[in-house]
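In: Give me the fold of what follows.
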Amino acid sequence: MNLPQLLHDAQPELTALWEQRRPAAPPIGHMVSNPYWEVWVRFHSLPGSKRYPDGEDEYAIVLERYNTVLDELFAGREILVVTSRWSKTPALPRRRPRAPHWQTLLFQDDPDPRFRIHKHLFVDRRPWHRGSLDRLLRAVADHAVADVLISDTRFDRIHLPYDGGADVLLTTPEERDRLRERHTDWLSRHPQGL
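Out: Model prediction:
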């Protein structure tokens with residue numbers, strides 16, 4: 001896998017911590033899970049592995065599942081919420097999250113600058129409270145937002161919500177197994193857990 005090139009680092013201490021804790025992947029939601037399969041588990045958002053909610057009853061299930069796992073990971077702790085925006089230039093996009101800028105990465109290089117893709121990461125540090133990310137998580141469930149990364153402040157435990165579920169990275173295979181066993185009804189029937 002070709003890793004994106006770091007072009008701008010607005011928070012070098014946080015980058016150094018990431019590189020120490022999770023060196024095999026950049027802090028981009030869809031790229032984090034694969035290198036850490038030994039501590040990874042995937043939960044689906046809806047019964048029957050349905051991907052998108054239809055109606056408020058199903059949104060309630062999605063948010064309940066997200067919040068239940070987030071509570072188990074981060075109750076009483078501070079979290080980092082990483083969101084991102086794409087652009088064709090390294091300049092920060094006008095429309096961006098309120099969170100402070102963390103990094104700009106050259107995600108896809110091309111000899112023709114019109115086809116280069118940049119990924120801008122923003123990080124917000126806040127205390128975890130159940131329901132505090134519901135607006136963001138609902139946008140993720142609708143595929144209006146992607147590549148969200150929610151972590152403790154040391155990048156030990158990481159929650160990667162996506163439209164259809166969440167990938168979770170734990171500190172050990174045993175911790176992963178305990179979390180998986182508490183929510184067996186939310187697991188995929190696929191033999192690899194996908």
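
In: Tell me how many other residues crowd Arg135.
Out: 10 (other CB atoms under 10 Å). Backbone N, C-alpha and C define where each C-beta goes, glycine included.

In: let me redo that: Leu179
Out: 17.

In: Contact partners for Arg189?
Out: Neighbouring residues of Arg189 by CB atoms under 8 Å, 6 or more residues apart in numbering: Ser49.

In: Name the SS class of it, please.
Out: Going by DSSP: H, G, I helix; E, B strand; the rest coil, the secondary structure assigned to Arg189 is coil.

In: Could you tell me the per-residue confidence at it?
Out: With respect to pLDDT, Arg189 scores 75.

In: any idea how far His44 is from it?
Out: Noted for Arg189: a distance of 10 Å to His44, by CB to CB, to the nearest Å.

In: got any residues that touch both of these two?
Out: Common neighbours of Arg189 and His44 (CB under 8 Å, 6+ apart) do not exist.

In: Rounded mean pLDDT for the helix ranked longest in the chain, please.
Out: If you go by DSSP state H, the chain has its longest helix at helix 56-74. Helix 56-74 shows a mean pLDDT of 97.

In: Give me the nearest residue to Pro173, chain neighbours excluded.
Out: Glu38 (5.6 Å; CB to CB, 6 or more residues apart in numbering).

In: for the one you found, helix, strand, or coil?
Out: helix.

In: Next, find the distance separating it from Tyr162.
Out: Distance, Glu38 to Tyr162, by CB to CB: 20 Å.

In: wait, what's in contact with the residue nearest to Val32 when sequence neighbours are not counted?
Out: Nearest residue to Val32 in three dimensions, chain neighbours excluded: Ala25, at 4.9 Å (CB to CB, 6+ apart). Counting by CB under 8 Å, 6+ apart, Ala25 touches Met1, Leu3, Met31, Val32, Asn34, Pro35, Tyr36.

In: doesn't Leu149 make contact with the fourth one?
Out: Yes. The pair formed by Val32 and Leu149 meets the contact definition of CB atoms under 8 Å, at 6.6 Å.

In: can you list residues touching both of these two?
Out: Contacts common to Val32 and Leu149, judged by CB under 8 Å, 6+ apart, are Ile158, Leu160.

In: Tell me where the protein has helices.
Out: Using DSSP H, helices in the chain cover 12-21, 29-32, 56-74, 134-141, 173-182.

In: can you redo these as a markdown table with distance to Asp110?
Out: Listed next are these as a markdown table, based on distance: least, CB to CB, whole Å:
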| stretch | distance to Asp110 |
| --- | --- |
| helix 12-21 | 25 |
| helix 29-32 | 19 |
| helix 56-74 | 36 |
| helix 134-141 | 28 |
| helix 173-182 | 38 |
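
In: No further questions, thank you.
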